[in-house]
Structure formats: C-alpha cells, structure tokens
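Participant: missing the sequence, but the structure's below:
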C-alpha cells in the first residue's frame, strides 16, 4: 500500500508510569491530556501513533518485590496488567503499552550507550555516594531524604526538589537520612560512568531554541543552560534491578537512562507486531519527516529536555519536535491526601463514577502552561452537571422525544434555521485550532458557548408549546431536526474529550462516527433511534463515596 503523504505522521509518548504501585488521578491527568490530542489528530485523519509502557527498573522495584516476596519480574507484570486495566477504563487509546524490561529496550539502551562511548562521551569517575550500612546497598536518589541544598525545603529526595525543581546529587542534601532504615548513611567510594553532558551545552541550547517547549519551562531550563551543566551519572551499583552495562562487572544502567529509551522500544515492539519493522527508521533516524512529541510532568522536564535530546543527538537518532509539560495535580487546593480522602486511585474513581466526567473536567482545566491544576470536588460536581448534562446532553433529551413520539423517529427533510447551523460550522475552525495548540480549556469554553446557543434556540422556539397545535407539526419536526443537528455538531467537537459518551450519541443518532471534516454532512430525512438517557448527573453521595474509599485503601 502506498503511503499517503498528505497526512501527518505523528508519534506521541507519555512519561512511563513506574511499575511499583497503582495509578492515581494525577497519573491520569497526563494521559487524558495526551489522549485528547491524539484523538483529535486521528479525527483529522492524521496517522497518529500513541505509545507508552511501564518504567520497570530501579532500586524501588527491587525492594518492593522483596517486600512482597515475589520476583521483580512478577511484580512488574502484575502492575502492568493493573495499569492497563485502568487506562482502558479511562478510554486512553494507547496503540502499544510495553515495558522497559524488554529485549527491545535492552538492545537500544546498549546501542545508545556504545555509540556515546565510541564518541568519547562516556567517562569513568570514582565518586562518593551514600551507603546504607544496615541494608548493605548504595542508596538510589529516591531512598534518601533531606533538606534541599538550594531552597532548604525539608523532606526532599536525593535527585530533585519538588518545591523549587532544582536538581542535585544526593550527597548535596543537608542532613540526609536513609528512608529504608531511618539511619544516617555513610559516604562510600565507587566507580561510576558519566555521560559528558557538560560538553554539549550549545547543542542542547540549539535544540531548545528550535523545538516546542512551553515558555515557562524554558525559563526554568535556562537556569541550567546558562549556568553549569553537570555530567550525568548513568550507572548504578549492584544490587539493582535493571540492565547490566556491557563490559563492566556489577554495574547497571541507571533507570533514567533506559526509561526514555523505552519510547523507542515500545514503538519498535508495536511495529514488529504489525510486521512493519522497516518503518522504525522513518520515525527515529535524523532528518525524519515524522513528528515526535512527549507529554510529561514538570518534575521530569530536566531528563526530557536536556538529557534525552542530547543522548539521541549523539547516538544517531532524531530528537523530539516538542516536549509538552504540565503541572502537578492538587485536590481541593492541596496535595493529595489519604487522610482527607483526596488521594484518589484510578480504580477507586472508576468504580464509582463514569470516567468521562473526569476527562471533561481535566479538559476544562488544561492549557499549555506548566502551572499546577486543581480538581475541586464541589466544582467538579457542579461543572460536569451544568455543562455536560445540563447543557450538552440536554439538547438531545429535550428534542428527541418529539421526533420519537410524533414523527416515528424520522427527522425532517429540511432545517428550520440554517443560519444557526452555519454559525456552528463557522466556529469549528477556531475550536480545531485550540485542540491543535492543546488549549483544551479554551476549546471547552467555545463549545459550551455554542451549547448555550443551541439551548437558547430551543427555548425560543418552544417545541413543547408548538406541538399542541396540529398546524405546527412540520415546524416542530424541522425545529427538532435543527436542534439535533446542532447536537451532532457539538458531539463531533467534544469527541476527543469524551469519546465513549459521544459514541453513545452516535448510536442514538443512528450514524457511524464521523471525521472532523464531515461536520457539514447534516442529518436530514434520517431515522434516529428511541432516546435513552445518555449520562446521569453526579450525586453528592458519589463524591463522598470516593473520598471514603480513598481513606480506606
């Protein structure tokens, strides 16, 4: 089959969830953001591939498996299944969900390492690192806590500060403590391998200047690019769960080396399944015409905007076109808390409420900035009930019954008011532009303005009054036909955000899912199905149920 060069070839990735615990709604924020954009691109007819997988290596995995009395391999497989079930429940449309503990990832990790080494970009250094004498292991960054050496925030981990976003070595922490044994670790020497990132400052700056990275993130990244960029420690000592570094005894690739390489591995695994392995170079070789974008949180932008692009550049792979960065999720204005019932697991949520509610609410909050995003549970209830049920669904529910009862489910062959249809079609390009730019909150605002116009049209025409007189029969049919065509247009516009709900609308309208460019193909002289409730309101009791379940897990 010949390739259609009129379509964009796009590859989208998410940060890989860590394979040592369940997903919570903070994880879902990023995946919903990505999924909306991916669905929009597919809706436009573009070839958009969406990949992800488990981040399956590191000391945390090893210790969690030890705690549960299972092998690390068994642990990561069980967690992977759990994660995939949650993503499926929230309608996240990954084309492939793989794992960094894979043959593909080992191959590309070793390939990239060897190419960097051949270019003189790997250096051996003897370093001092923190060692837990009780546990008898070198402490990875996440197993050391102390005071940030930059902003002096307490209880910060050994790699970066969650308060000021600074990165540092664990030995730079003030008053470090092992979180494993609550003891003071001692310094111990070990030979480590470093990627000479410091020699690539100009290449990093050039990539930042030519790629799509949020301006707020660039301001933070410039603190590093305008100052000192340190070489990057890419090795860890045994015991460790991961890939051994070829040519070295008891040395393993640091999890943050092979985690982003997992994007290449997942994509290769996907193409191999489809017998399309030859397409890999079309996406990953320098000069590729395909587009590559990463969606990540602001806590890991250092790795994705400095380390990974530099590694790719010097190992003969293409660099990403953009890194789209979001902030943290708070609940009721605060960090998620189990005691308050606001540390909400994905499973806890979807056992009680339709995931489409959360997808809509996140979309209404998401833009291109890196500021934190808050889900206020009272506002969540009111906003979803008002917008999705009270405005959008209401258009269908209040007009379909007339068509069902009085016209044997048959729409009119003509519209009552073509100008309002045209008004909606005229707004489609603006809404399309906001989706493309990932300005989802703006898209939602524009769509709800149109939903208000549709409801105002119904209020103005009052089909419930008109239907009382036989002479108005044709008018009622054309008015309701007009309203249901507006309902269809709004459904197409909302499709990337609430795909399952929109699928139910298409079934009711008795049509196949349309593409974005099919908006103008209106439903006239068309038979719909009998209307059934498409979505119910959120009840306060359901919010309380989620909060209670969150306290109990």
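Facilitator: The structure has been received and is ready for your questions. Since this is a predicted model, take the numbers as computed values, not measurements. Residues are numbered from 1 along each chain as shown.
Participant: Could you tell me which ranges of this structure sit under the pLDDT cut-off?
Facilitator: 1-6 (pLDDT under 70).
Participant: domains of it?
Facilitator: 1-121+196-326, 355-518 (automatic domain parsing).
Participant: possible to save the ones you listed as TSV with distance to residue 339?
Facilitator: For every residue, glycine as well, the C-beta is placed using N, CA and C. Below are those laid out as TSV (distance: least, CB to CB, whole Å):
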stretch	distance to residue 339
domain 1-121+196-326	15
domain 355-518	15
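Participant: Residue 542 is nearest to which of those?
Facilitator: Nearest to residue 542 among those is domain 355-518 (8.3 Å), distances taken as CB to CB.
Participant: can I get the domains of the chain in a markdown table with distance to residue 524 and mean neighbour count?
Facilitator: Shown next, in a markdown table, are these (distance: least, CB to CB, whole Å; neighbours: other CB atoms under 10 Å):
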| stretch | distance to residue 524 | mean neighbour count |
| --- | --- | --- |
| domain 1-121+196-326 | 23 | 19 |
| domain 355-518 | 5 | 18 |
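Participant: So for residue 527, which of these sits nearest?
Facilitator: Closest among those, once you apply CB to CB, is domain 355-518, at 5.2 Å.
Participant: Quick one: end-to-end distance for that closest one.
Facilitator: 27 Å (CA to CA, to the nearest Å).
Participant: which residues of the stretch 51-200 of the chain fall in strands?
Facilitator: 96-99, 122-132, 137-138, 144-147, 156-157, 174-178, 186-195 (DSSP state E, counting those that start in this stretch).
Participant: May I see those strands arranged in TSV, with distance to residue 369 as well?
Facilitator: Below are these laid out as TSV (distance: least, CB to CB, whole Å):
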stretch	distance to residue 369
strand 96-99	28
strand 122-132	36
strand 137-138	38
strand 144-147	29
strand 156-157	24
strand 174-178	32
strand 186-195	31
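Participant: And the contacts of stretch 108-126?
Facilitator: Here stretch 108-126 makes contact (CB atoms under 8 Å, 6 or more residues apart in numbering) with 189-196, 199-200, 231, 234, 243, 245-246, 253, 257-258, 261, 264-265, 268, 311-312, 314-317.
Participant: let me redo that: stretch 246-259
Facilitator: 16, 55, 57-58, 100, 105-106, 109-110, 113-114, 140, 191-193, 195, 233-238, 240, 242-245, 303, 307, 311.
Participant: chain center to that stretch, what's the gap?
Facilitator: Relative to its parent chain, stretch 246-259 has a centroid offset of 28 Å by CA atoms, centre = their mean, to the nearest Å.
Participant: Of the strands of the stretch 51-200 of the chain, which is nearest residue 498?
Facilitator: The nearest among these, by CB to CB, is strand 96-99 at 21.9 Å.
Participant: Give me the helices and strands touching the closest one, please.
Facilitator: strand 47-54, helix 72-89, helix 103-118, helix 255-273 (3 or more CB pairs under 8 Å, 6 or more residues apart in numbering; DSSP states H and E).
Participant: Following element in sequence after the last one, please.
Facilitator: This means helix 255-273. helix 280-284 (DSSP states H and E).
Participant: Which strands and helices lie in contact with that following helix?
Facilitator: strand 9-14, helix 255-273.
Participant: Residue 307 and residue 13, how far apart?
Facilitator: Distance of residue 307 to residue 13, computed by CB to CB, to the nearest Å: 15 Å.
Participant: Repeat that for residue 444.
Facilitator: 25 Å.
Participant: what does residue 310 give?
Facilitator: 17 Å.
Participant: would you list the helices and strands packed on helix 280-284 in TSV and tack on distance to residue 538?
Facilitator: Shown next, in TSV, are the helices and strands packed on helix 280-284 (distance: least, CB to CB, whole Å):
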stretch	distance to residue 538
strand 9-14	27
helix 255-273	35
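Participant: Of all these, which one is nearest residue 385?
Facilitator: strand 9-14 (29.6 Å).
Participant: before we move on, the earlier item: of all the strands of the stretch 51-200 of the chain, which one is nearest residue 323?
Facilitator: Comparing these by CB to CB, strand 186-195 comes nearest, at 18.7 Å.
Participant: That closest one packs against which elements?
Facilitator: strand 122-132, strand 232-233, strand 235-237, strand 251-253.
Participant: okay, those in TSV with distance to residue 531 next?
Facilitator: TSV is the format used below for these (distance: least, CB to CB, whole Å):
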stretch	distance to residue 531
strand 122-132	64
strand 232-233	59
strand 235-237	60
strand 251-253	57
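Participant: How is residue 33 assigned, secondary-structure-wise?
Facilitator: helix (DSSP: H, G, I helix; E, B strand; the rest coil).
Participant: Touching, residue 461 and residue 402? I think so.
Facilitator: No: counting by CB atoms under 8 Å, residue 461 sits too far from residue 402 to count as a contact (11.0 Å).
Participant: what residues are up against residue 386?
Facilitator: Contacts of residue 386 by CB under 8 Å, 6+ apart: none found.
Participant: helix, strand or coil for it?
Facilitator: Applying three-state DSSP: residue 386 is helix.
Participant: now it: how far from residue 537?
Facilitator: 10 Å.
Participant: just residue 398 next, same as before
Facilitator: Taken as CB to CB, the span from residue 398 to residue 537 is 15 Å.
Participant: And residue 39, by the same measure?
Facilitator: Counting by CB to CB, the gap from residue 39 to residue 537 is 25 Å.
Participant: before we move on, what about residue 520?
Facilitator: Distance from residue 520 to residue 537, by CB to CB: 33 Å.
Participant: The two: which is more packed in?
Facilitator: More crowded of residue 520 and residue 537, by other CB atoms under 10 Å: residue 537, with 14 against 10.
Participant: Please report how far the more buried one lies from residue 381.
Facilitator: 9 Å.
Participant: swap in residue 74?
Facilitator: Applying CB to CB to residue 74 and residue 381 gives a distance of 40 Å.
Participant: do the same with residue 295
Facilitator: 27 Å.
Participant: unless I'm mixing things up, residue 44 is touching residue 518, no?
Facilitator: No: Residue 44 lies out of contact with residue 518 (CB under 8 Å); the separation is 11.3 Å.
Participant: Out of the helices and strands packed on helix 280-284, flag the one nearest residue 372.
Facilitator: The nearest among the helices and strands packed on helix 280-284, by CB to CB, is strand 9-14 at 18.6 Å.
Participant: Summarise which helices and strands that closest one is packed against.
Facilitator: Short answer (3+ CB pairs under 8 Å, 6+ apart): strand 9-14 packs on helix 25-43, strand 47-54, helix 255-273, helix 280-284, strand 291-297.
Participant: Quick one: closest of those to residue 530.
Facilitator: Using CB to CB, the nearest of the helices and strands packed on strand 9-14 to residue 530 is helix 25-43, at 27.8 Å.
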